[in-house]
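In: need coordinates for the below:
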Amino acid sequence: MENTIINIHTCICCGSEFIETDRTATAPCCGRVAHTQCMVEMVARNTSRWHDVICFCGQNIYMIERDTYIENRVAEDQARQAIFEERKKNPEYKKHFIELKKLGRERLKAMKELKSYVRGRVNEYKIQIQTSINIIKTAKVAMITLMKNSPEFKKYRSSCAKYTSNYNRFRRMYNLNDMEMRAIFGVRRRVWRRWSSQPSWIIGRPLRVRI
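Out: Numbering: from 1, shown residues only. Have a look, this model is predicted:
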């Protein structure tokens, strides 16, 4: 551990001061304190097969043994190759291997023929149901238009616009970023779509037809 004064009042990741409701995590190497979410994000960003997890003090929280991994992988490949060469000397192995490859080629040929057959039948099926699909699409568009002109939808659209406007004004007023806004509200704000270009998922999704 370093012989320095450790500040336990601010997060080592984001630099903001702790409040009573914050959950905190302590680094095992130096004792520095961070928000639990900040610590999890820091570890997640630096964790992979070839990267160590390094604390802000410069020490390794978790170190990957790369040399051992590579040596084990090379040894396994060599052992597997030796077994393969030994089996090739067996005449029965070669005979069965050729038979298996022949069956594999037959399977691929049968699969191609099946795909070609299915493709032709699917085209026939689409032609047969095209009239019904056009009727369903027309009915769906008419129903969406009817619901978008309803008082309930207009009220919902107005409430969304008011919320978005006040949300952005609140964020600019107190100079808050996305992470701070998520911490305040607890969830990520939904990005509202343009109502003039496409219907809301509340209207469009229930009208989906599954076959």
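In: can you report how many residues neighbour residue 96?
Out: Neighbourhood size, residue 96 [other C-beta atoms under 10 Å]: 11. To be clear about C-beta, it is placed using only N, CA and C from the backbone, and glycine gets the same treatment.
In: so what's it up against?
Out: Residue 96 makes contact with no residue, according to C-beta atoms under 8 Å, 6 or more residues apart in numbering.
In: surely it is in a helix?
Out: Yes - according to DSSP: H, G, I helix; E, B strand; the rest coil, residue 96 belongs to a helix.
In: that one and residue 159: what is the separation?
Out: With distances taken as C-beta to C-beta, to the nearest Å, residue 96 is found 71 Å from residue 159.
In: ok, residue 130 next?
Out: The gap separating residue 130 from residue 159 is 40 Å, by C-beta to C-beta.
In: and for residue 119?
Out: Counting by C-beta to C-beta - residue 119 and residue 159 are separated by 49 Å.
In: please apply the same query to residue 11.
Out: 35 Å.
In: quick one: distance of the one helix or strand residue 73 maps to to the chain centre.
Out: Element membership for residue 73 (DSSP states H and E) is helix 66-88. Its chain's C-alpha centre lies 34 Å from the corresponding centre of helix 66-88 when counted by C-alpha atoms, centre = their mean, to the nearest Å.
In: average pLDDT across it?
Out: For helix 66-88, the mean per-residue pLDDT is 76.
In: tell me the buried residues in it?
Out: Across helix 66-88, burial judged by 16 or more other C-beta atoms under 10 Å covers no residue at all.
In: for that helix, packing partners?
Out: When contacts are defined as 3 or more C-beta pairs under 8 Å, 6 or more residues apart in numbering; DSSP states H and E, helix 66-88 packs onto no helix or strand at all.
In: what's around residue 22, how many residues?
Out: Residue 22 is flanked by 16 other residues according to other C-beta under 10 Å.
In: same check, this time on residue 145
Out: Other residues close to residue 145 by other C-beta under 10 Å number 10.
In: what score does it have for pLDDT?
Out: 90.
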